[in-house]
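S.K.: please find the sequence and the predicted model below.
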Amino acid sequence: MGRMPIDASPAAPRVRVSPFIRDIGSAALASLATMAALVLVTRWLAEGLGPDSFGAWGLSRRLFSSITVFSTMPFGIAIARDLAREPSPSGRAAIRAAATGLVVIPNVALLLIGFSARGPLAAVLFNDAARVPLLMASLVSVVGLSCYTVVFAWYRGTEQIRQGNLWQVVVLETGPALIAYLLRHSGDPASIVLWTGAVTFLAGVPLAYWLVQALRAPVLSADVLDRARLLARYALPRIPGGLAFGGLMALGPFLAPYLGSLREAGYLIAGQSAMRVVEGGTAAFGLVVLPRLSSLQATSSAAYLRERVTDVVSVALHLGLFASGALLVWSREVVLVWLGPAYLPAVASIRLLLLAVSPYLVYSLLRSVIDALEERAINMRNLFLALGIGLLASGGAALLGLGVEGLAGATTLAFFGLGIATWRFLHSSLSLAGHDLDLARAGGLTAIILLVIAIIRALLVPHLSPTALLGVGVLLEGAGLAAYLWLLRRAGTRWLIHLERRIAWRRG
């Protein structure tokens, strides 16, 4: 019997992805899942709690975010940055011990201060002194998030991206979504916030284990104090920036009950949630790039950094333009399906806020680049500029009686100021070339593709329900995005060419 013929056909090609792209991809999936969880939580609570209680829950979340952006987030950046620059295990253990004290203890103190003045604070923040349980639940959640911040920053700074992603999935996605689903008809936003905060305390388990290890290991207390001073020197100047960002996001919702009603505050918060959903994929870039740039800064050339930052700005503008346009086209269906008919008055506010997607993405992507390359708190300066714009514009909207739509427009105007200031700093410090952004080409393609989609939508509106129409919209926008990226690549857009080079095909 003769030999069986050998199949000489070439093996199927396989994809080889650079570790950097792989880390960004896995972090992007986790970030997108976080945004998906936010969409579900908002949908379930908007429907289950009703507009008034949903507005109270939304104000609680805005208070929570406003506190954490200055009490925990600057330290999370500092921890990841210092860990990326420290090669020794003992040095990293000292950083971890110092970080725990710096982040957790002040937030516990903040909880105690809030408890001592709980009545007046509830009256000021919620325009209702009876909201004390909601206030305390929010402050307890802040302490839990401080524990999570240290754990997540540890995995981020040591480039253990997958382990960090797992914590993100549990603490920021699965737990909050499950609690919102189970308690959506409870009518008690304070219980929902408290149980959501309880999930974040899971991060206290590894923190306690690490602290016991630090006590047993030969980590000198003097080294821990030195690390604490270095972390504080980097993080403390950035705390006012966190206050400014928290104020910028909270300005409209906290003014809305005084200019309108608590229900209208919920409209603004829903609009901000829709705006920040687009951040989901881009947040992964910051998670990966800050430690990577921190470790490579000393060896990379100025030209290399200039090209990479230009690519990042291009990504933010190109994808931001398309995303904001797509959401504007389908904003009415998004509100009907996501929040329900009771929130149709929020459509105008949401559309105004969606105009801020592109400048917000520029800031969101480039803030990590600035923090990695600069000791100075440049983002803080830009955030205070944006807050000043927001305050002036909000005051003008109030004087003119423009209501909640005026507050939404003021927030959008402030984010345009933030995005422009962020770009101008990097343009000046790295000598970035504006003509490399391909903005005119991207804007023209976006306008043409979305105009075609808008015409199709107008033809389908009389024949389909909002849910079916939104389903068709997802398919149309997916096809439109694919065509948009393909046309940009055919036109020689640099960031797409560089991305293609990082994803190489090889034979098996």
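M.R.: Received it, and whenever you're ready, just let me know what you need.
S.K.: from Leu481, how far out is Asp438?
M.R.: As for Asp438, its distance to Leu481 is 16 Å (criterion: Cβ to Cβ, to the nearest Å). Heads up, the C-betas are built off the backbone N, CA and C, glycines and all.
S.K.: same question for Ala30.
M.R.: For Ala30, the distance to Leu481 (Cβ to Cβ) stands at 21 Å.
S.K.: give me the more crowded residue out of these two.
M.R.: Set Ala30 next to Leu481 and count neighbours by other Cβ atoms under 10 Å: Ala30 wins out with 23 against 15.
S.K.: please, which helix or strand holds the more buried one?
M.R.: In this assignment (DSSP states H and E), Ala30 forms part of helix 19-71.
S.K.: do Thr412 as well
M.R.: helix 403-430.
S.K.: coming back round to it: I'd like the next helix or strand past the helix holding Ala30.
M.R.: For helix 19-71, the following helix or strand on the C-terminal side (DSSP H and E) is helix 73-85.
S.K.: by contact count, what packs against that next one?
M.R.: If contacts are counted by 3 or more Cβ pairs under 8 Å, 6 or more residues apart in numbering; DSSP states H and E, helix 73-85 sits against helix 89-116, helix 132-157, helix 221-235, helix 239-259, helix 279-296, helix 357-373.
S.K.: if you set the cut-off to 7 Å instead, what comes out?
M.R.: In terms of contacts (3 or more Cβ pairs under 7 Å, 6 or more residues apart in numbering; DSSP states H and E), helix 73-85 is packed against helix 89-116, helix 132-157, helix 221-235, helix 239-259, helix 279-296.
S.K.: buried ones in the fourth one, by neighbour count?
M.R.: It refers to helix 239-259. By 16 or more other Cβ atoms under 10 Å, the buried positions in helix 239-259 come out as 239-257, 259.
S.K.: repeat for the third one
M.R.: For helix 221-235, burial by neighbour count (16+ other Cβ under 10 Å) applies to Asp223, Val224, Arg227, Ala228, Leu230, Leu231, Ala232, Tyr234, Ala235.
S.K.: Asn107 reaches Gly144, doesn't it?
M.R.: No - with contact defined as Cβ atoms under 7 Å, Asn107 does not count as touching Gly144 (9.0 Å).
S.K.: ok so Thr196 is a helix residue?
M.R.: Yes - counting by DSSP: H, G, I helix; E, B strand; the rest coil, Thr196 is found in a helix.
S.K.: tell me the pLDDT of it.
M.R.: Note on Thr196: pLDDT of 90.
S.K.: what is the neighbour count of it?
M.R.: 26.
S.K.: what residues does it make contact with?
M.R.: Thr196 makes contacts with Ser141, Gly175, Pro176, Ile179, as judged by Cβ atoms under 7 Å, 6 or more residues apart in numbering.
S.K.: contacts for stretch 112-120?
M.R.: For stretch 112-120, contacts defined as Cβ under 7 Å, 6+ apart pick out Leu121, Ala129, Val132, Leu135, Met136, Leu139.
S.K.: give the buried residues for it.
M.R.: Within stretch 112-120, the residues that qualify as buried are Gly114, Arg118, counting by 16+ other Cβ under 10 Å.
S.K.: just the C-alphas of that stretch, formatted as PDB.
M.R.: The C-alpha trace of stretch 112-120 is given here as PDB (Å, rounded to 0.1, in the frame of the first residue of the first chain):
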ATOM      1  CA  LEU A 112     -16.400  60.600  60.300                       C
ATOM      2  CA  ILE A 113     -16.600  64.300  59.500                       C
ATOM      3  CA  GLY A 114     -19.600  63.700  57.300                       C
ATOM      4  CA  PHE A 115     -21.300  61.800  60.000                       C
ATOM      5  CA  SER A 116     -20.800  64.600  62.500                       C
ATOM      6  CA  ALA A 117     -22.500  67.100  60.100                       C
ATOM      7  CA  ARG A 118     -24.900  64.800  58.400                       C
ATOM      8  CA  GLY A 119     -28.100  66.800  58.700                       C
ATOM      9  CA  PRO A 120     -26.800  70.100  57.300                       C
END
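S.K.: quick check: which ranges of the stretch 1-150 of the chain have low pLDDT?
M.R.: Along the stretch 1-150 of the chain, the model assigns pLDDT under 70 to residues 1-25, 28.
S.K.: ok, 90 please
M.R.: Along the stretch 1-150 of the chain, the model assigns pLDDT under 90 to residues 1-107, 110-111, 114-138, 142, 145-146, 149.
S.K.: in JSON lines: the helices and strands packed on helix 73-85, plus distance to Leu319.
M.R.: As requested, the helices and strands packed on helix 73-85 are exported to JSON lines (distance: least, Cβ to Cβ, whole Å):
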{"stretch": "helix 89-116", "distance to Leu319": "32"}
{"stretch": "helix 132-157", "distance to Leu319": "23"}
{"stretch": "helix 221-235", "distance to Leu319": "30"}
{"stretch": "helix 239-259", "distance to Leu319": "22"}
{"stretch": "helix 279-296", "distance to Leu319": "8"}
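S.K.: how about the ones you listed, which one is nearest Val404?
M.R.: Val404 lies closest to helix 239-259 among the helices and strands packed on helix 73-85, at 5.6 Å (Cβ to Cβ).
S.K.: now do that closest one: which elements does it pack against?
M.R.: helix 19-71, helix 73-85, helix 262-277, helix 378-399, helix 403-430.
S.K.: so which of the ones you listed comes closest to Ala356?
M.R.: For the helices and strands packed on helix 239-259, proximity to Ala356 was assessed by Cβ to Cβ; helix 403-430 is nearest, at 3.8 Å.
S.K.: in that closest one, what counts as buried?
M.R.: Buried, per 16+ other Cβ under 10 Å, within helix 403-430: 403-423, 425-427, 429-430.
S.K.: got it, and stretch 468-486?
M.R.: Neighbour counts over stretch 468-486 (16+ other Cβ under 10 Å) mark Leu469, Leu470, Val472, Gly473, Leu476, Glu477, Gly480, Tyr484, Leu485 as buried.
S.K.: give me the contact list for it.
M.R.: Against stretch 468-486 from outside (Cβ under 7 Å, 6+ apart): 322, 326, 330, 333-334, 337, 445-446, 449, 453, 456-457, 460-461, 464, 496.
S.K.: same check on stretch 138-151?
M.R.: The contact list for stretch 138-151 (Cβ under 7 Å, 6+ apart) reads 60, 63-64, 67-68, 71-72, 75-76, 79, 99-100, 103-104, 107-108, 110-111, 114, 167, 171, 193-194, 196-198, 200-201, 203-204, 206-207.
S.K.: between the helices and strands packed on helix 73-85, which gets nearest to Ala398?
M.R.: Among the helices and strands packed on helix 73-85, the nearest to Ala398 by Cβ to Cβ is helix 239-259 (5.8 Å).
S.K.: alpha carbons of that closest one, as CSV, please.
M.R.: Taking only C-alpha atoms (Å, rounded to 0.1, in the frame of the first residue of the first chain), the coordinates of helix 239-259 have been written out as CSV:
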residue,chain,number,x,y,z
ILE,A,239,-6.0,66.9,44.3
PRO,A,240,-7.4,70.3,43.4
GLY,A,241,-7.7,69.1,39.8
GLY,A,242,-9.9,66.2,41.1
LEU,A,243,-12.0,68.8,42.9
ALA,A,244,-12.3,70.8,39.7
PHE,A,245,-13.4,67.8,37.7
GLY,A,246,-15.8,66.7,40.3
GLY,A,247,-17.2,70.2,40.4
LEU,A,248,-17.5,70.3,36.7
MET,A,249,-19.5,67.1,36.6
ALA,A,250,-21.6,68.0,39.6
LEU,A,251,-22.3,71.7,38.7
GLY,A,252,-25.3,71.1,36.5
PRO,A,253,-27.0,68.3,38.5
PHE,A,254,-26.6,70.1,41.8
LEU,A,255,-28.0,73.4,40.4
ALA,A,256,-30.9,71.7,38.6
PRO,A,257,-33.0,71.2,41.8
TYR,A,258,-32.7,74.9,42.5
LEU,A,259,-33.5,76.1,39.0
